[in-house]
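Novice: Have a look at this prediction, sequence included:
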Amino acid sequence: MADLANKYAENASGKFYVDNQCIDCDLCRETAPANFKRHEDGGYFYVFNQPTTPEEETQCREALEGCPVEAIGNNGDG
């Protein structure tokens, strides 16, 4: 389960976030490309854009549910 205390600083303010458990697998970006981006130097993903449509919200939830290490959370600020 993602830990809000360990979320990456690059995450956009809002309820979805990625924490330091991320293993750089790319599933989240493949599932929700409008919302997740890779930090090239750090080798992890983060939420660069919070969902603004029902479709993006669904895709973010699918990414959260599919994350193999549960590094995506949905209880952030916002």
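Specialist: Received the coordinates, thanks.

Novice: Return the set of buried residues in the longest helix seen in the chain.
Specialist: For the chain, the helix that runs over the most residues, judged by DSSP state H, is helix 54-66. Neighbour counts using 16 or more other Cβ atoms under 10 Å place 56, 57, 59, 60, 61, 63, 64 of helix 54-66 among the buried residues. C-beta coordinates here come from the backbone N, C-alpha and C atoms, glycine included.

Novice: residues contacting the third one?
Specialist: Taking Cβ atoms under 8 Å, 6 or more residues apart in numbering, we find residue 59 in contact with 31, 32, 34, 35, 51.

Novice: now those residues: which count as buried?
Specialist: So, by 16+ other Cβ under 10 Å, the buried ones in the contacts of residue 59 are 31, 32, 35, 51.

Novice: Does the third one touch residue 48 like I think?
Specialist: I take that to be residue 35. Yes: counting by Cβ atoms under 8 Å, residue 35 touches residue 48, with 7.1 Å between them.

Novice: what sits in contact with each of those two?
Specialist: A shared contact of residue 35 and residue 48, defined by Cβ under 8 Å, 6+ apart, is any residue touching both; here there are none.

Novice: check which helix or strand covers the residue lying farthest from the centre of the chain.
Specialist: Computed with Cα atoms, centre = their mean, the residue of the chain farthest from its C-alpha average is residue 41, at 17.0 Å. Assigning secondary structure by DSSP states H and E places residue 41 outside every helix and strand.

Novice: how far away is it from residue 10?
Specialist: Going from residue 41 to residue 10 by Cβ to Cβ, to the nearest Å gives 11 Å.

Novice: Likewise for residue 20?
Specialist: Shown here: residue 20 relative to residue 10, a distance of 12 Å by Cβ to Cβ.

Novice: Looks like residue 67 contacts residue 27 (just checking).
Specialist: Yes: judged on Cβ under 8 Å, residue 67 makes contact with residue 27 at a distance of 6.4 Å.

Novice: Look at those two and report which has more neighbours.
Specialist: In this view residue 67 and residue 27 are compared by other Cβ atoms under 10 Å, and residue 67 has more residues nearby, 21 against 17.
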